[in-house]
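# Predicted coordinates and the sequence they were generated for:
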Amino acid sequence: MQIDEVELGDELPEERPDVSLETVKRFVKAAQMDFPRFTDHEWARREGLPGAVIPGIMSQGHLAAMIHRWAPGSEIVVLDTIFRTPMVVGTSVVCRGAVTNVEDDGTIEIDLTILSEASGATGVLGTAQVRLAS
C-alpha cells in the first residue's frame, strides 16, 4: 500500500476474529495471563462480568493484525485503545477501521472499533498512527 493509494475516509476491510473459548485459552496461556476471568464464564460472572471476557491485549492484537493485512509492511507507530464494554468470549465481534488523516510523509491515522455483533455495543475504541512502507 502506497500513500497515494490512501484517501481520507477509506475504510479497512472488516474482520471477524476468532474469539472462541479455545482460542482465548491458547492466547492467555501464551501470554502468561491465564486468569479465570478470561476463560471461565461462571467465574467471570461471580466477578460481576457478563461472562469470560476477551483480554484487552488480544483485542489490540486483532486491530493491529487488521491494519497489517490492509497495509502489509506498514509500521504501527502508536496504537491507543479505550475499553468501553466487556467483550464476551465466544461471541461474534467485528473489527473496523477508517482513515481519518493522511500526511505527505506516509503517515496515516486510523480510527478503530471493535463491536459486538449481537448487542451492537462498541466494546473497544481506538486510534492508530501508521507509517506506510515506502
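Here it is on my side, so go on. Numbering: from 1, shown residues only.
# Now do the lengthiest helix in the chain: which elements does it pack against?
Longest helix of the chain, by residue count under DSSP state H: helix 56-70. Helix 56-70 sits against strand 75-83, strand 93-102, strand 107-116, strand 122-131, with contacts defined as 3 or more CB pairs under 8 Å, 6 or more residues apart in numbering; DSSP states H and E. No exception for glycine: its C-beta is placed from N, CA and C like everyone else's.
# what about 10 Å?
Using 3 or more CB pairs under 10 Å, 6 or more residues apart in numbering; DSSP states H and E as the contact test, the elements touching helix 56-70 are helix 21-30, strand 75-83, strand 93-102, strand 107-116, strand 122-131.
# Start and end of stretch 78-96, how far apart?
For stretch 78-96, the first-to-last residue distance is 17 Å (CA to CA, to the nearest Å).
# re the thing from before, any idea how far the longest helix of the chain is from the middle of the chain?
Relative to its chain's centre, helix 56-70 lies at 5 Å (CA atoms, centre = their mean, to the nearest Å).
# quick one: it to strand 75-83, angle?
In terms of direction (axes from the mean of the first three to the mean of the last three CA atoms, to 10 degrees), helix 56-70 departs from strand 75-83 by 140 degrees.
# Sort out which residues of helix 56-70 are buried, please.
Judged by neighbour count (16 or more other CB atoms under 10 Å), helix 56-70 contains these buried residues: 58-60, 62-63, 66-67, 70.
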